[in-house]
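Engineer: no sequence on hand, only this structure:
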């Protein structure tokens with residue numbers, strides 16, 4: 001066989017070897033991380049829930065998800081074992097620096113709306129679309145040249161502007 005013919009197969013086998021090797025390394029790191037769990041450690045599950053480890057079994061772990069609320073999870077569902085400082089910062093908000101210059105976003109939009117007393121001070125915005133008439137169109141205050149009064153009642157359009165096949169026609 002020719003070397004050019006074997007080259008795609010060699011590259012494919014090499015890529016598969018590298019992918020499986022990196023996946024095995026990730027699995028070993030995750031297993032080692034789960035082995036370092038101890039009761040009282042803060043963890044994050046793969047679903048994104050933060051909890052405290054209470055008991056560790058062979059394949060399961062009991063987590064306290066809220067004070068007095070315990071849940072049993074598979075060890076494989078633990079996504080990260082957190083350091084105490086990081087867990088307390090995330091869950092309890094301990095150590096948050098409130099002197100940051102970033103704006104505070106409210107939890108709801110009620111603070112973004114105007115109160116009744118503020119309505120008098122607020123300028124009124126006209127959100128209607130106002131287009132300038134084109135050169136070939138007459139202005140709104142001028143009568144259209146095509147409008148002609150019909151002598152016959154059958155030919156006249158109703159005063160409400162609705163014609164015979166339109167929605168809301170009588």
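Structural biologist: Received it, and whenever you're ready, just let me know what you need. All figures in this text were calculated on a predicted structure; none of them were measured in a lab. Numbers count the residues shown, from 1 in each chain.

Engineer: could I get the full set of helices for the protein?
Structural biologist: Along the chain, the stretches classed as helices by DSSP state H are 3-35, 84-91.

Engineer: turn the ones you listed into a markdown table, including mean neighbour count and distance to residue 62.
Structural biologist: All C-beta spots, glycine's among them, are computed from the backbone N, C-alpha and C. What follows is those, written out as a markdown table (neighbours: other C-beta atoms under 10 Å; distance: least, C-beta to C-beta, whole Å):
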| stretch | mean neighbour count | distance to residue 62 |
| --- | --- | --- |
| helix 3-35 | 10 | 14 |
| helix 84-91 | 14 | 17 |
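
Engineer: nearest to residue 74, of those?
Structural biologist: Judged by C-beta to C-beta, the one of these that comes nearest to residue 74 is helix 3-35, at 10.2 Å.

Engineer: average pLDDT across the closest one?
Structural biologist: Looking at helix 3-35 alone, the average pLDDT works out to 86.

Engineer: and what of stretch 39-57?
Structural biologist: When pLDDT is averaged along stretch 39-57, the result is 91.

Engineer: strands of this protein, residue ranges please.
Structural biologist: For the chain, the strands defined by DSSP state E cover 42-45, 50-56, 60-66, 69-74, 78-82.

Engineer: next, the buried residues of stretch 75-82.
Structural biologist: Using 16 or more other C-beta atoms under 10 Å as the test for burial, stretch 75-82 gives 75, 78, 79, 81, 82.

Engineer: ok, residues contacting that stretch?
Structural biologist: If you take C-beta atoms under 8 Å, 6 or more residues apart in numbering as the criterion, stretch 75-82 is touched by 33-34, 36-37, 41-48, 50, 56, 59-61, 90.

Engineer: ok, stretch 58-72 next?
Structural biologist: When contacts are taken as C-beta under 8 Å, 6+ apart, the neighbours of stretch 58-72 outside the stretch itself are 37, 43, 45, 49, 51-56, 73-75, 78.

Engineer: in that stretch, which residues are buried?
Structural biologist: Within stretch 58-72, the residues that qualify as buried are 61, 62, 63, 64, counting by 16+ other C-beta under 10 Å.

Engineer: and residue 74, how far from residue 12?
Structural biologist: As for residue 74, its distance to residue 12 is 35 Å (criterion: C-beta to C-beta, to the nearest Å).

Engineer: okay, residue 81: pLDDT?
Structural biologist: 88.
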